[in-house]
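Peer 1: Provided below for reference: sequence and predicted model.
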Amino acid sequence: MRDRRPVAREILIVLAVAAVLGLAALAAQRLLVPRTPLHPDIAKRLDASLGSLMRRQIRVTRQVIEVPLVQEAFAVIAMRLREALPEPHASFEVIVLESPEINAFTLPGDIVCVDTGLIRELGSAEEMAGVLGHELSHAANRDPLALLARRFGMAALFSTLSGGQGSSVLANLTQTLVDVRYGREAEDRADAFSVDLLAHAGIPPGAFADALERIRDSGPKAPGLLKYLDFHSPIDMRIARARDLAGSLAVAPGSLSVDWEALVEALPDSGDSGRKQ
């Protein structure tokens, strides 16, 4: 009878090698994408440094709107929200970009970018505040940093900061956040954060649900340009939850002193310089 021990020994060796390689791969993954959060100070510095790079990247590659009336209106909205934000994130910046897309996104470093396509779909400064509040949840929870770490690895992020990666890598990092998909858990958390923030800021908390309704209704008109709701929880469910939460909050809201129609009118037409005075 043939001795099967050598064969069995070879199988065990193969399995052992596979196990070692598997553990090595897992260890490498944990080094590049830690499952435990970074130390808060390290995360804060990395977040801010990446934000500075991406802010420059956005200004080089996208058309930034610098119309005084638009900037002043967003300053009013931002100031009201800042007063209600946790202190570490009270210095957030809003950048308005010329784009027909119905979208807003968050960059590391507490930077929120808003496309003019979205601005044109909303009906009030209060609704815009609701969208900003949603994005500020991503900033407060460092969702952009966590997503980039998962997708590219911590080694690539640190290499980018040290100049070891080219501009194409930075462009990829930035574009990832333009087209970002955080997942339902993060988006649902951001919805609740926004409603609560509006209430604390003295802004009608139902304005976020109003904004979601307008964005939802804009879909049939330009489905290829609607990015803001993709892969989120079902929109009608999000609106209902936002309204229920807003109704449960005791707040004495006051409207924002922003002429929204004038703001929209001041936006440059597509093809303009974006720097109309």
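Peer 2: Right, received. Where do you want to start? Residues are numbered from 1 along each chain as shown.
Peer 1: quick one: low-confidence parts of the stretch 151-277 of the chain?
Peer 2: Along the stretch 151-277 of the chain, segments meeting pLDDT under 70 span 164-167, 219-224, 230-233, 270-277.
Peer 1: For it, just list every one of the helices.
Peer 2: With DSSP state H, counting those that start in this stretch as the criterion, the stretch 151-277 of the chain has helices at 154-161, 167-178, 184-200, 207-218, 235-248, 260-266.
Peer 1: Contact partners for the residue lying closest to residue 133 once chain neighbours are set aside?
Peer 2: Residue nearest to residue 133 in three dimensions, not counting chain neighbours: residue 194, with 3.3 Å by Cβ to Cβ, 6 or more residues apart in numbering. Just so you know, the C-beta spots here come from the backbone N, C-alpha and C atoms, and that holds for glycine as well. In this structure, residue 194 makes contact with 130-131, 133-134, 136-137, 208, 242, judged by Cβ atoms under 8 Å, 6 or more residues apart in numbering.
Peer 1: Which member of those residues is positioned nearest residue 122?
Peer 2: Comparing these against residue 122 with Cβ to Cβ picks out residue 131 as the nearest, at 7.2 Å.
Peer 1: where does that closest one land on pLDDT?
Peer 2: At residue 131, the model reports a pLDDT of 98.
Peer 1: what do you get for the one 5 residues further on?
Peer 2: The pLDDT attached to residue 136 in the predicted structure is 96.
Peer 1: Quick check: which element contains it?
Peer 2: Using DSSP states H and E, the element containing residue 136 is helix 125-140.
Peer 1: Could you list every helix and strand in contact with that helix?
Peer 2: Counting contacts by 3 or more Cβ pairs under 8 Å, 6 or more residues apart in numbering; DSSP states H and E, helix 125-140 packs against helix 68-82, strand 104-107, strand 111-115, helix 184-200, helix 207-218, helix 260-266.
Peer 1: Tell me the one of the contacts of residue 194 nearest residue 162?
Peer 2: Here the nearest of these to residue 162, counting by Cβ to Cβ, is residue 136; it sits at 29.1 Å.
Peer 1: quick revisit: most neighbours of all the contacts of residue 194, which one?
Peer 2: residue 208 (33 neighbours; other Cβ atoms under 10 Å).
Peer 1: Against residue 132, how distant is that one?
Peer 2: Residue 208 is 10 Å from residue 132, where distance means Cβ to Cβ, to the nearest Å.
Peer 1: Dead centre of this structure: give me the residue that sits there.
Peer 2: In the chain, the residue lying closest to the centroid (Cα atoms, centre = their mean) is residue 106, at 3.2 Å.
Peer 1: Thanks a lot, see you next time.
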